[in-house]
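A.B. asks: Sequence plus the predicted model coming up.
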Amino acid sequence: MRKIVITGMGAVTPLGIGVNSYWESLIAGKSGIDLIKAFDASELPVQFAGEVKDFEPSEHIPKDLLKNTDPFMQYAFAAANEAISQSRLTIEPYRTGITLGTAMGGVAEIAATQERLTTEGKKIGSRFIPKILGNLAAANIAINYNIKGPSFTVSTACASGGDAVVTASMLLQTGKTDAMIVLGAEAVLCPLVIHALTTVKALSKRNDEPSSASRPFDLSRDGFVIGEGGGAFVLETEEHALARGADIIAELKGCGNSNDAHHIMAPHPEGKGAIACMQAAIYDAGITPDEIGYINAHGTATHKGDVVEANAIKAVFNSSIPYVSSTKGATGHMMGAGGITEAIACIKAIETGIMPPTINLCNVDAECSDIDFIPNHSKNADIRYAMSNAFGFGGQNSSLIFGRYEG
């Protein structure tokens with residue numbers, strides 16, 4: 001088995017642009033959730049979200065792409081720029097590939113275009129298709145960086161970002177590539193999606209207190225908050241990274257995937273898929289459960305999801321339950337992007353010895369008891385291994401384990 005290492009990271013989040021800005025806000029317990037600014041949401045049942053703020057696309061994207069890209073593509077592009085720059089990777093065209101995870105691609109553009117067509121009779125512009133296809137987020141990056149290796153776009157709901165990492169790891173393990181640009185991106189904020197998720201009672205409705213609306217594992221939680229953004233990794237085989245003198249940030253130790261095969265929206269009530277997924281990642285990493293010091297939980301703040309995940313964690317770790325937090329309290333649910341940005345939080349926790357908090361957690365639900373969810377304030381601990389969970393509609397489960405790189 002080849003060692004897979006991380007040599008670059010990038011992030012565009014509701015807490016800040018760039019990994020450092022994101023991380024500093026995260027461990028400070030700040031919230032990136034506020035009333036929606038991108039459009040008038042005053043008549044919607046939910047009027048707040050984790051929007052990306054102070055993002056100027058022209059600072060990150062070639063001028064000729066600006067009018068041809070959806071925000072989710074722009075977030076991916078900016079995150080990729082940061083990760084590739086940090087890694088100092090020289091692209092070897094046919095030995096470098098891309099994987100990208102997105103749950104809904106250009107759904108907001110689809111909804112807006114249909115609205116203009118229906119109400120104003122406006123013609124569909126030539127840029128419509130390039131702005132909605134999920135794979136074109138990766139294609140634009142490939143064109144810009146002359147990446148000619150394998151390119152896969154993964155859409156496994158909220159597990160998409162984690163599964164993009166898994167797919168990249170498999171390509172590296174089989175020798176198909178030496179380096180992979182791994183991305184997660186999402187920008188689904190629009191009236192259509194808000195109405196749809198409200199209909200299935202998935203979203204918090206705390207319009208009067210948006211910054212504290214996302215309450216993972218709290219007894220008073222009432223649903224998740226939509227978030228948006230992008231995340232990126234540069235993954236390489238250890239051999240390739242060392243040969244070019246790269247600075248190695250961390251090691252991808254193990255990956256797990258499973259499907260509940262239970263329901264298109266609800267998790268298995270006994271958490272069987274989540275349990276199998278975490279166990280598979282631990283086995284793949286070649287470690288024991290008690291060696292994991294921190295879990296970045298999927299923790300969306302839905303009643304069923306939080307309880308199922310908490311009980312699954314207890315089933316896997318028994319008496320050696322690590323610290324657990326959900327950073328969705330701060331960012332909202334970034335869907336495909338979250339699988340990468342939350343994994344970045346795991347790596348930064350290993351690197352700094354600081355574990356980010358679950359903000360807005362004041363009264364832990366008794367059904368989620370016996371776990372330290374790091375409420376409201378960061379904790380310090382010497383962590384060697386950390387796990388990132390990403391679970392999604394359709395019973396999709398992804399777990400990643402990262403470790404300190406020790407050569």
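C.D. replies: In hand now; what should we look at? Numbering: from 1, shown residues only.
A.B. asks: for the stretch 51-200 of the chain, what spans make up the helices?
C.D. replies: 71-87, 107-120, 128-132, 136-145, 160-173, 191-199 (DSSP state H, counting those that start in this stretch).
A.B. asks: so which of the ones you listed comes closest to Cys255?
C.D. replies: Nearest of those to Cys255, taken as C-beta to C-beta: helix 160-173 at 4.5 Å. Backbone N, C-alpha and C define where each C-beta goes, glycine included.
A.B. asks: export the closest one as PDB, just CAs?
C.D. replies: Coordinates of each C-alpha in helix 160-173 appear next as PDB, following Å, rounded to 0.1, in the frame of the first residue of the first chain:
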ATOM      1  CA  SER A 160     -19.700  14.000  -2.000                       C
ATOM      2  CA  GLY A 161     -16.600  15.800  -0.600                       C
ATOM      3  CA  GLY A 162     -15.500  12.800   1.400                       C
ATOM      4  CA  ASP A 163     -16.100  10.500  -1.500                       C
ATOM      5  CA  ALA A 164     -14.000  12.700  -3.800                       C
ATOM      6  CA  VAL A 165     -11.100  12.100  -1.400                       C
ATOM      7  CA  VAL A 166     -11.800   8.400  -1.400                       C
ATOM      8  CA  THR A 167     -11.900   8.400  -5.200                       C
ATOM      9  CA  ALA A 168      -8.600  10.300  -5.400                       C
ATOM     10  CA  SER A 169      -7.000   7.900  -3.000                       C
ATOM     11  CA  MET A 170      -8.000   4.900  -5.100                       C
ATOM     12  CA  LEU A 171      -6.400   6.400  -8.200                       C
ATOM     13  CA  LEU A 172      -3.200   7.100  -6.300                       C
ATOM     14  CA  GLN A 173      -3.100   3.700  -4.800                       C
END
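A.B. asks: before we move on, the earlier item: can you redo the helices of the stretch 51-200 of the chain as a markdown table with mean pLDDT?
C.D. replies: Below are those laid out as a markdown table (pLDDT from 0 to 100):
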| stretch | mean pLDDT |
| --- | --- |
| helix 71-87 | 98 |
| helix 107-120 | 93 |
| helix 128-132 | 95 |
| helix 136-145 | 97 |
| helix 160-173 | 98 |
| helix 191-199 | 97 |
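A.B. asks: So which of those is nearest Tyr323?
C.D. replies: Using C-beta to C-beta, the nearest of the helices of the stretch 51-200 of the chain to Tyr323 is helix 160-173, at 19.7 Å.
A.B. asks: Same question for that closest one: list its buried residues.
C.D. replies: For helix 160-173, burial by neighbour count (16 or more other C-beta atoms under 10 Å) applies to Ser160, Gly161, Gly162, Asp163, Ala164, Val165, Val166, Thr167, Ala168, Ser169, Leu171, Leu172.
A.B. asks: Please name the bridge partners of Gly227.
C.D. replies: Residues in a beta bridge with Gly227, per DSSP bridges, are Gly50.
A.B. asks: actually Ile181, not the one I wrote
C.D. replies: Per DSSP bridges, the residues bridged to Ile181 are Ile98, Val234.
A.B. asks: Tell me how many other residues crowd it.
C.D. replies: Neighbourhood size, Ile181 [other C-beta atoms under 10 Å]: 33.
A.B. asks: Relative to Ala345, how far out is it?
C.D. replies: 20 Å (C-beta to C-beta, to the nearest Å).
A.B. asks: Which helix or which strand is home to Ser258?
C.D. replies: If you go by DSSP states H and E, Ser258 is part of strand 250-259.
A.B. asks: Okay, buried residues for that strand please.
C.D. replies: By 16+ other C-beta under 10 Å, the buried positions in strand 250-259 come out as Ala250, Glu251, Leu252, Lys253, Gly254, Cys255, Gly256, Asn257, Ser258.
A.B. asks: about what we covered before: of the helices of the stretch 51-200 of the chain, which approaches Ala390 most closely?
C.D. replies: helix 160-173 (3.8 Å).
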